[in-house]
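Enquirer: need coordinates for the below:
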Amino acid sequence: MNIELKDISETRKSLLVSLDKNEVDAEYQTVVGEIAKVARLPGFRPGRAPSDLIVKRFGKEVQEELKSKVVGKTYRGGLEKTKLEVVSVVEVDAGKIEPGLSAAVTFTLDVHPQFELPEYLGLPASVLTTEATGADVDAVIESLRQERADFRVAARPAQKGDYVKLAYSGTIGGQPVAELTPDKQIYGKVPQTWEEVEGEQEGLIPGLGRQLAGLKAGDKKDVGITFPVNFAAAPALAGKAAVYAVEVQEVRERVLPALDAEFFKAQQVENLDALKGQVRQNLKLRKEYENRRAQRQQVSDALAAKIEFPLPESLIAAETQGVLRRFMEDNLRRGVPEAEFEKNKQELYENARRAAVGRVKVQLLLAKIAEKEKIQADERDLDSAIMREAVRSNQRPEKVAKEFAKDRERLRTLQQAIVFDKALDFLVSKATVTTAVPKA
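Expert: You can find the predicted model right below:
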């Protein structure tokens, strides 16, 4: 076996492994013998058929198995000699593999980058205090009251927080909006709908709710609306200025429930003090979760900023596709049309690749830290991960476990993700943490 190793880049290698004809012939005889042991041919017991008859009858199978054996032998032999730490096999060029001839197989391989770990203990992280202020608690209680508010007819002009029942019809340059959005008539003309006055959340027609204050039942008004340039809900309207003829049919005011026994019962508490205590505890738990998430990001960023090293292109490509897939799935669930992705295809790809480069870099660092600190995925970790996947996919845990057991690559990916997660938790536990004062 002869081996020739060439550098394509710091993380991509070309490995040429050659076998002489005697080595190829030995593999060929092994293949023929293995097939002969199980082949069934008329007039011969298994294992007794002549080799030339086996080759004649199973020529295609012999050729495929010979190629597989030669490629496998050269790959294993090449790695044993070169000691390469392979990330992925990018390409295999097997050339011509036949008995009586030598064979030369070229592997294009991405390998782990070589680097020394920077100091990773005591990385800086900043958290906010988890103690809830009185204003925080009051804001949550006010929100709970808003959720249980009643809406009563008001014989007065609309004010902020009211809901207005109205009809509207839009035009752009004199052309009805309904003609521009035939599949989404709700943007063109509706006989009746509700809109919050100066609400925090935009309604269906962006900016409409901000122009309804002061109107009362029976009032009519022409309202100017300019749609955002990235208005994905109705691309035909993006960036255009429209005029909507609005007619108010009814005004309803928001009436908050009193902080009485009925309200406390609905919140499963006895009184206001108990409600405040419950809200304070929930806020503390939420802030602790947000701090933990922020720490993980800060520690990851600080670790990555300490060192530069080359990244395997195949890992970046795979992670880029993963980032794109998750982005598209999330946006499709939110109702963004698939055509929008095609319009911004290049920009989306570039953003995904930038994110992928950062993720791959941190993963390689975490993998090396995990190896040094002997961090592994144990059986309990796997059971917990499988349970989370079962809940996420709404399947029985036993079924999910069997699926992972059948797919070794998927199981390896899961184990790797667990190790990354545990390594990051380790770094967070060793971080130098300061508590920041929240801005007023």
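Enquirer: from now on I want contacts and neighbour counts done on CA atoms only, so please keep to that.
Expert: Fine.
Enquirer: contacting residues for Leu123?
Expert: Val299, Ala302, Leu303, Leu427, Val428, Lys430, Ala431, Thr432 (Cα atoms under 8 Å, 6 or more residues apart in numbering).
Enquirer: give me that answer again for 6 Å
Expert: Going by Cα atoms under 6 Å, 6 or more residues apart in numbering, Leu123 touches Ala431, Thr432.
Enquirer: tell me which element Gly95 falls in.
Expert: When elements are assigned from DSSP states H and E, Gly95 belongs to no helix and no strand.
Enquirer: and it, what's its pLDDT?
Expert: pLDDT, Gly95: 88.
Enquirer: now the helices for this structure?
Expert: For the chain, the helices defined by DSSP state H cover 21-38, 51-57, 59-82, 134-147, 177-180, 261-266, 272-305, 313-333, 338-343, 345-373, 379-393, 397-406, 408-429.
Enquirer: what does the model give the nearest residue to Val362 once chain neighbours are set aside for pLDDT?
Expert: Once flanking residues are discounted, Val362 sits nearest to Ala304: 6.1 Å by Cα to Cα, 6 or more residues apart in numbering. On pLDDT, Ala304 comes in at 96.
Enquirer: Ala304: neighbouring residues, count only.
Expert: 18 (other Cα atoms under 10 Å).
Enquirer: do Val419 as well
Expert: Neighbours around Val419, by other Cα under 10 Å: 24.
Enquirer: quick one: the residue nearest to Ala132 when sequence neighbours are not counted from Asp136, how far?
Expert: Distance criterion Cα to Cα, 6+ apart; nearest residue to Ala132, sequence neighbours excluded, is Arg280 at 5.9 Å. Going from Arg280 to Asp136 by Cα to Cα, to the nearest Å gives 8 Å.
Enquirer: which of these two has more residues huddled nearby?
Expert: For Arg280 versus Asp136, neighbours defined as other Cα under 10 Å are more numerous around Arg280 (21 against 14).
Enquirer: and that one, how far is that from Asn394?
Expert: 33 Å.
Enquirer: can you check Glu64 too?
Expert: 42 Å.
Enquirer: cool, and Met387?
Expert: 10 Å.
Enquirer: OK, contacts around the closest residue to Ala104 other than its chain neighbours?
Expert: Excluding the flanking residues, the one nearest Ala104 by Cα to Cα, 6+ apart is Ser18, at 4.2 Å. Ser18 sits next to Met1, Asn2, Ala103, Ala104 when contact means Cα under 6 Å, 6+ apart.
Enquirer: quick one, longest strand in this structure?
Expert: strand 241-255 (DSSP state E).
Enquirer: quick check: PyMOL command selecting the buried ones in the contacts of Ser18.
Expert: Selection of the buried residues among the contacts of Ser18 in PyMOL, burial being defined by 16 or more other Cα atoms under 10 Å:
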select buried, resi 103+104
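Enquirer: minimum pLDDT in the contacts of Ser18, which residue is that?
Expert: Met1 (88).
Enquirer: where's it relative to Lys21, distance?
Expert: In terms of Cα to Cα, Met1 sits 10 Å off from Lys21.
Enquirer: repeat that for Ala132.
Expert: On the measure of Cα to Cα, Ala132 and Lys21 end up 78 Å apart.
Enquirer: run a quick neighbour tally on the nearest residue to Met328 once chain neighbours are set aside.
Expert: Leaving out its chain neighbours, the residue that sits closest to Met328 by Cα to Cα, 6+ apart is Phe341, at 7.8 Å. Look at Phe341: counted by other Cα under 10 Å, it has 17 neighbours.
Enquirer: repeat that for Val137.
Expert: Considering only other Cα under 10 Å, Val137 is surrounded by 20 other residues.
Enquirer: then Glu398?
Expert: Counted with other Cα under 10 Å, Glu398 comes out at 11.
Enquirer: the one 3 residues further on now?
Expert: Here the count is done by other Cα under 10 Å, and Ala401 has 18 residues near it.
Enquirer: how about it, what does it touch?
Expert: Counting by Cα under 6 Å, 6+ apart, there are no residues that Ala401 touches.
Enquirer: show me the contacts for the closest residue to Met1 other than its chain neighbours.
Expert: Counting by Cα to Cα, 6+ apart, Leu19 is the residue found nearest to Met1 once chain neighbours are left out, at 4.9 Å. By Cα under 6 Å, 6+ apart, Leu19 lies in contact with Met1, Ser102, Ala103.
Enquirer: again, only using 10 Å
Expert: Contact partners of Leu19, counting by Cα atoms under 10 Å, 6 or more residues apart in numbering, are Met1, Asn2, Ile3, Asp25, Val70, Lys73, Thr74, Leu101, Ser102, Ala103, Ala104, Val105.
Enquirer: what's the lowest-mean-pLDDT helix or strand in the chain packed up against?
Expert: Least confident element among the helices and strands of the chain, by mean pLDDT, DSSP states H and E: helix 338-343 (a mean of 74). The helices and strands touching helix 338-343, judged by 3 or more Cα pairs under 10 Å, 6 or more residues apart in numbering; DSSP states H and E, are helix 313-333, helix 345-373.
Enquirer: quick one, the longest one and helix 408-429 angle?
Expert: What that stands for is helix 345-373. Relative orientation of helix 345-373 versus helix 408-429 (axes from the mean of the first three to the mean of the last three Cα atoms, to 10 degrees): 70 degrees.
Enquirer: can you count the residues close to Asp330?
Expert: By the measure other Cα under 10 Å, the count of residues near Asp330 is 12.
Enquirer: looks like it contacts Val336 (just checking).
Expert: Yes. The criterion here is Cα atoms under 10 Å, and Asp330 meets it with Val336 at 9.1 Å.
Enquirer: what about stretch 18-32, average pLDDT?
Expert: 92.
Enquirer: mind saving the C-alpha coords of it as CSV?
Expert: Extracted in CSV, the C-alpha atoms of stretch 18-32 (Å, rounded to 0.1, in the frame of the first residue of the first chain):
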residue,chain,number,x,y,z
SER,A,18,-2.7,2.8,-4.0
LEU,A,19,-2.8,-1.0,-3.9
ASP,A,20,-0.7,-3.2,-6.2
LYS,A,21,-2.4,-5.8,-8.4
ASN,A,22,-1.5,-8.6,-5.9
GLU,A,23,-3.4,-6.8,-3.1
VAL,A,24,-6.4,-6.2,-5.4
ASP,A,25,-6.4,-9.8,-6.5
ALA,A,26,-6.4,-10.9,-2.9
GLU,A,27,-9.4,-8.8,-2.2
TYR,A,28,-11.1,-10.2,-5.3
GLN,A,29,-10.5,-13.8,-4.2
THR,A,30,-12.0,-13.0,-0.8
VAL,A,31,-15.1,-11.5,-2.4
VAL,A,32,-15.6,-14.4,-4.7
